[in-house]
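Visitor: here is a sequence together with a model predicted from it:
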Protein chains: 2
Amino acid sequence: LTLTLLTVGDELLIGQVVNTNAAWIGEQLSAIGLSVARVVSVGDDAGAIGDELLRGLAQTDGVLITGGLGPTHDDITKRAVAAALGLRLEFREDLLAEVRRKFEARGRPMADANRLLAEVPEGFEPLANPVGTAPGLWYAGAAPGAAGERVVAILPGVPFEMKTLLREHVLPRLAVRQGEAALVQKTLHTAGAGESDLAASLDGLEDRLSDRLKLAFLPNYGTVRLRITALGDTRPDAAARLAAFEAYLRERLGDFVFGEGEVTLAAVVGEVLRARGLTVAVAESCTGGRIADAITDVPGASGYFRGGAVVYGNDTKSSLLDVDAATIARDGAVSEAVARALAAGVRERLSADLGLSATGVAGPGGGTPDKPVGTVWIGYADETGTHAVRLQLTPERHLNKRLTTTYALDLLRRQLLRRDRRAG
Amino acid sequence: LTLTLLTVGDELLIGQVVNTNAAWIGEQLSAIGLSVARVVSVGDDAGAIGDELLRGLAQTDGVLITGGLGPTHDDITKRAVAAALGLRLEFREDLLAEVRRKFEARGRPMADANRLLAEVPEGFEPLANPVGTAPGLWYAGAAPGAAGERVVAILPGVPFEMKTLLREHVLPRLAVRQGEAALVQKTLHTAGAGESDLAASLDGLEDRLSDRLKLAFLPNYGTVRLRITALGDTRPDAAARLAAFEAYLRERLGDFVFGEGEVTLAAVVGEVLRARGLTVAVAESCTGGRIADAITDVPGASGYFRGGAVVYGNDTKSSLLDVDAATIARDGAVSEAVARALAAGVRERLSADLGLSATGVAGPGGGTPDKPVGTVWIGYADETGTHAVRLQLTPERHLNKRLTTTYALDLLRRQLLRRDRRAG
């Protein structure tokens, strides 16, 4: 199937909002083998919406519309679609009751304007919205100017709601029309290996992939997401195909896999710390606070995060964390010895069970022939001793800060796995 | 004028790339009073490019195309445009010589494929590209299926090159067609006031604005950019109009304005610290390292940033920064007294000239009736004493971390201004 993607909203034309929805939807559709013929953004203008809808239905197998489903006067997508297709808008008491129930659950009165949310173009099927008030809409059938069946899906423009409805309702329906009865997707998160390293671990991968089983590598600052898409005649069939492939991936990739679904590395590490009753403290030089920032982005981090020291000047490494000035003078601030001493020092100073550290040449200045920009040491300390790893990163300061943060959190994760193995 | 924006590239349809170009262009065009009727993305497909071009020329005053101008086989925009308009491609020896010169300047051989960069659809004007190899293209004149004159601009898809060419060549030409001979733009950055506060300071603003002078408010996590656009019969005329308006803005907004052009708050504060020969250290609770991270995003921050302490646990506030445990017990960790003590403690402990601190309830948990989620104290210390400010922010953890970081850096900036005034 080939689809037209129509994103609606004045804010897209004047550049107030970047169209991230279009990219996300394009990624999802191509993951299941659908192609997007074009992406069109128009303003909150019924004529333009109707024109693009009819053009999309004439030239492609269907149109996916986002935006303009809310209760305010500029939310005109449903009216525009109904007018272009010559359909009446039906008022659905059951949908209104559902909207009213959602407002009551939040203890807020329902403004009258929300009655608009209960209008449905005749022949369209409402799609339950578990994370918002506006239902999505789905249509499959004849369309003006089109030979053969066409589909129309209308989703809210709010990214979180759009994504939920696309995943739960629209992708499965589109997969059925692609000639597959069921589609399931799952994302595994990996750290500690690049795309090519992962691929090298996956011998026989190409033989396992097929029209009914796809794998996408999605790298992101030191982590790689693996998105698995399985199709099948039935949902259990697709789920079994996915489960078998996931088992293969997990077996080959081992500890590279740190989680699945919607997680971050910091959240996964935090969950392990909480479960083991352990606390951590961080000492940062080149990352300048970014590791602590990532850890504290997780709600409830105060349960296991003791705190951190950003030791930018060499003397602060000594004065705040008792790193031996002679060690810094001998090996330099960017060295294995200092990375170990920082991790041990912050662990001790903040009375944490575990210490984590990073020291490096972030750039653009400060590089030497021995230690060029991008040279980084990350360190770890616990009650049994210290450990450090050398990284050789990039010439770019912000990229080095981000990559070091990921690698340091991954070092902590791996050391937690080792502890578990020692204990078990 | 109303334009169609056509962005070309398979990567836009499969979601590999988010279409940030479209948003940026939309913002620039609307700043000078042009409207965008629609944004269309198509793949590297000559038929689709040609169709959208002709449709845009029939329905709007012109088409701005980005992408597909490079030297590889999938860069087909020029061929597609020439075919759709029935134009020959002319080979321009002068453009080839220019491309060859650029390769030589970089000490790299010019691959033969780059000859494509010297092809120009007849009647199109090449636009010099100072930051890349592919020239842009401009056309104004008759177009098939269109009554009256139309414009076509073709720019590279690489954001930096596109922006340079749009600013230097295309916006001025479009401004002329809008009936203005020259256009100049400038951005002022403000902190410490919301959009409505700024507007309230600008009495008589509406009377000053006109078709030839526009002002856009662009808020971003506690800062607001003010983008001024002036048009005039000549460039000096436009520049004089802008200068007079800028003087009015600066006079009314005073210390709210912290910089102009491409700057960040952290970079501006860093520049002042460097110029005064002062150092700073930060103590962070609710921001969890984000303030230090922002400061160290600026290259050369090691010249004035001593370091920081992320004091997440209450006991770390005492053990690391000598905050009196009795003060915390009496007033709570989120209090004026603790904000002051943290700023003074980190200043002392890290031997910095100035101390900066933040303590608050980031959320989602931890709120009380007295101190609901979003309650934050930021503090400052120097050799003359301490100062603290209470903020009431939002229910959202990440937003609170970002806003607190901006407000803390702005507190530091204002205190530096006060020092200058005392000294002066």
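Guide: Structure received.
Visitor: interface residues of the stretch 251-400 of chain A facing chain B?
Guide: Contacts of the stretch 251-400 of chain A with chain B, taken as CB under 8 Å from any CB of the partner chain, map to A:282, A:284, A:287-293, A:295-297, A:299-302, A:305-313, A:315-316, A:319-320, A:349-351, A:362-366, A:397-398. Yep, even glycine has a C-beta here, placed from its N, CA and C like the rest.
Visitor: residue A:226 versus the residue of the stretch 101-250 of chain A found nearest chain B, what's the distance?
Guide: In the stretch 101-250 of chain A, the residue that lies nearest chain B is residue A:218 (9.7 Å; CB to the nearest CB). Per CB to CB, to the nearest Å, residue A:218 is found 8 Å from residue A:226.
Visitor: likewise for residue A:339?
Guide: 30 Å.
Visitor: who's more crowded, those two?
Guide: Legend: neighbour count by other CB atoms under 10 Å in any protein chain shown for residue A:339 and residue A:226, higher for residue A:339 (31 against 22).
Visitor: wait, the more buried one sits on residue A:358?
Guide: Yes. The pair residue A:339 / residue A:358 is scored as a contact, 7.4 Å apart, by CB atoms under 8 Å.
Visitor: who touches both of these two?
Guide: Common contacts of residue A:339 and residue A:358 (CB atoms under 8 Å, 6 or more residues apart in numbering or on different chains): A:377-379.
Visitor: between these, which is closest to chain B?
Guide: Once CB to the nearest CB is applied, the member of the shared contacts of residue A:339 and residue A:358 that ends up nearest chain B is residue A:378, at 16.0 Å.
Visitor: wait, is that closest one part of a strand?
Guide: Yes. Under DSSP: H, G, I helix; E, B strand; the rest coil, residue A:378 sits within a strand.
Visitor: distance check, the residue nearest to residue A:115 when sequence neighbours are not counted against chain B.
Guide: Closest residue to residue A:115 apart from its sequence neighbours, by CB to CB, 6 or more residues apart in numbering or on different chains: residue A:96 at 6.2 Å. Using CB to the nearest CB, to the nearest Å, residue A:96 is found at 28 Å from chain B.
Visitor: from residue A:165, how far out is residue A:96?
Guide: Residue A:96 is 19 Å from residue A:165, by CB to CB.
Visitor: same question for residue A:58.
Guide: 26 Å.
Visitor: likewise for residue A:409?
Guide: Distance of residue A:409 to residue A:165, given as CB to CB: 32 Å.
Visitor: equivalent analysis for residue A:300, please.
Guide: 29 Å.
Visitor: equivalent analysis for residue A:79, please.
Guide: Going from residue A:79 to residue A:165 by CB to CB gives 20 Å.
Visitor: of residue A:96 and residue A:165, who's got more company?
Guide: Taking other CB under 10 Å, residue A:96 and residue A:165 do not tie; residue A:165 has more neighbours (28 against 17).
Visitor: and that one, its phi and psi?
Guide: Dihedral pair for residue A:165: phi -70, psi -40, per degrees, to the nearest 10.
Visitor: separation between it and residue B:410?
Guide: 40 Å.
Visitor: go on, residue A:405?
Guide: 25 Å.
Visitor: what about the closest residue to residue A:408 other than its chain neighbours, neighbour count?
Guide: Counting by CB to CB, 6+ apart, residue A:408 lies nearest to residue A:378, which is 4.6 Å off, once chain neighbours are set aside. For residue A:378, the count of nearby residues is 28 (other CB under 10 Å).
Visitor: for residue A:366, same thing?
Guide: 19.
Visitor: how confident was the prediction at it?
Guide: Looking at residue A:366, its pLDDT reads 90.
Visitor: what's the answer for residue A:36, then?
Guide: At residue A:36, pLDDT is 95.
Visitor: the spatially closest residue to residue A:312 that is not a sequence neighbour: which element?
Guide: Of all residues not flanking residue A:312 in the chain, residue B:307 sits nearest, at 4.4 Å (CB to CB, 6+ apart). Remark: residue B:307 resides in strand B:305-311, with elements defined by DSSP states H and E.
Visitor: ok and the helix or strand following that strand relative to helix A:314-321, angle-wise?
Guide: Sequence order places helix B:314-321 as the next helix or strand after strand B:305-311, per DSSP H and E. Computed by axes from the mean of the first three to the mean of the last three CA atoms, to 10 degrees, the angle separating helix B:314-321 from helix A:314-321 equals 130 degrees.
Visitor: list the buried ones in helix B:314-321?
Guide: B:314, B:316-321 (16 or more other CB atoms under 10 Å in any protein chain shown).
Visitor: near chain A at all, it?
Guide: Yes. Judged by CB under 8 Å from any CB, helix B:314-321 and chain A are in contact via B:315-316, B:319-320.
Visitor: name the helices or strands packed onto that helix?
Guide: Under the contact definition 3 or more CB pairs under 8 Å, 6 or more residues apart in numbering or on different chains; DSSP states H and E, helix B:314-321 sits against strand A:305-311, strand B:305-311, helix B:325-331, helix B:336-349.
Visitor: which residues sit against the first one?
Guide: To tie it back to what came earlier, the one meant is strand A:305-311. A:270, A:279-285, A:288-289, A:291-292, A:295-296, A:316-317, A:320-321, A:323, A:342, A:346, A:349-352, B:282, B:288-289, B:292, B:296, B:307-313, B:316, B:320.
Visitor: now do stretch A:120-140
Guide: A:69-71, A:78, A:81-82, A:85, A:87-90, A:92, A:95, A:98-99, A:102-103, A:114, A:117, A:141, A:149-156, A:158, A:160-161, A:164-165, A:168-170, A:173, A:177.
Visitor: so where's chain A shaky on pLDDT?
Guide: For chain A, no stretch has pLDDT under 70.
Visitor: pretty sure residue A:56 is touching residue A:63, no?
Guide: Yes. Contact criterion CB under 8 Å: residue A:56 and residue A:63 qualify, at 3.8 Å.
Visitor: alright, I will stop here.
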